[in-house]
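Participant: Model the structure of this input:
(2 chains)
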Amino acid sequence: GAGVSQSPRYKVAKRGQDVALRCDPISGHVSLFWYQQALGQGPEFLTYFQNEAQLDKSGLPSDRFFAERPEGSVSTLKIQRTQQEDSAVYLCASSLSGYGYTFGSGTRLTVV
Amino acid sequence: RKEVEQDPGPFNVPEGATVAFNCTYSNSASQSFFWYRQDCRKEPKLLMSVYSSGNEDGRFTAQLNRASQYISLLIRDSKLSDSATYLCVVNPGGSQGNLIFGKGTKLSVKP
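Facilitator: Residues are numbered from 1 along each chain as shown, chains lettered A, B, ... in the order given. The predicted structure is shown next:
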């Protein structure tokens, strides 16, 4: 596609519910990143894929967070047993060469 | 200490003013540096890369001081459309590494 596509745009989850956030990167982009942006903060790194390999998951805040990119294109970020502190915008970015990251519009998650 | 620190502002300036933002980073081995712009409820977008020699793009000038681990952005002749949050961004690990973002500096340009 022309840009990075994320869905859903908005998600309201009850505390304890599992959620799955989808990222469809720019076609052919090798690198894919997930970031979490809390209100009034800059984006915080969560995890990074190069093709289907998850090379860095050091930013995932707990074992409730899990990301996958099984065929090296679309990626899913899953959050189990959501907590209120998980409320944030989840941003996905892709890159062809490691420079020129393009971000998606994000998924705004609200846990109530 | 946070890896990338910047003054959150807000900076409220009149149209036509010159405004400067500063940023410091903690990892002296950091490889590349950027300024991103983020409009309210939108995704971050690359404004410009930052080089040691300094670089200019129209009304925007970015500077990097590796010895002081300091990055700056200067905006001349501010426009209403410059109102946004400016994020200082560092790539600590070369071309394939993740980006480290500052909290952002909010700029509001008033008529």
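Participant: rest of the way, CA atoms for contacts and neighbours
Facilitator: Fine.
Participant: quick one, what contacts residue A:87?
Facilitator: A:38, A:108-111 (Cα atoms under 8 Å, 6 or more residues apart in numbering or on different chains).
Participant: List the ones among these that fall in strands.
Facilitator: Mapping these onto strands (DSSP state E) picks out A:108-111.
Participant: Chain B contacts on chain A?
Facilitator: Counting by Cα under 8 Å from any Cα of the partner chain, chain A comes close to chain B at A:31, A:33, A:40-45, A:48, A:91, A:97-106.
Participant: Dihedrals phi and psi, residue B:82?
Facilitator: Backbone torsions of residue B:82, given as degrees, to the nearest 10, read phi -80, psi -10.
Participant: ok, what's across the strand from the nearest residue to it once chain neighbours are set aside?
Facilitator: If the residues on either side of it in the chain are set aside, residue B:82 comes closest to residue B:109, at 6.8 Å by Cα to Cα, 6 or more residues apart in numbering or on different chains. Following DSSP bridges, residue B:109 is listed with bridge partners residue B:13.
Participant: Count the neighbours of residue B:109 for me.
Facilitator: When neighbours are counted by other Cα atoms under 10 Å in any protein chain shown, residue B:109 registers 19.
Participant: OK, contacts around it?
Facilitator: When the contact criterion is Cα under 8 Å, 6+ apart, the partners of residue B:109 are B:12-15, B:78-83.
Participant: Just the buried residues of those.
Facilitator: Taking 16 or more other Cα atoms under 10 Å in any protein chain shown as the criterion, what is buried in those is B:13, B:15, B:78-79, B:82-83.
Participant: For residue A:8, give me its contacts.
Facilitator: Here residue A:8 is in contact with A:21-22, A:107 (criterion: Cα under 8 Å, 6+ apart).
Participant: ok, so of those residues, who is nearest chain B?
Facilitator: Minimum separation from chain B among the contacts of residue A:8 (Cα to the nearest Cα) is found for residue A:107, which lies at 10.3 Å.
Participant: The closest one touches residue A:76, doesn't it?
Facilitator: No: with contact taken as Cα atoms under 8 Å, residue A:107 and residue A:76 are classed as non-touching, separated by 11.8 Å.
Participant: what's the overlap in contacts for those two?
Facilitator: residue A:21.
Participant: who are the neighbours in contact with whichever residue of chain A sits closest to chain B?
Facilitator: With Cα to the nearest Cα, the shortest gap between chain A and chain B falls at residue A:42, namely 4.1 Å. For residue A:42, the contacting residues are B:87, B:101-104, taking Cα under 8 Å, 6+ apart as the criterion.
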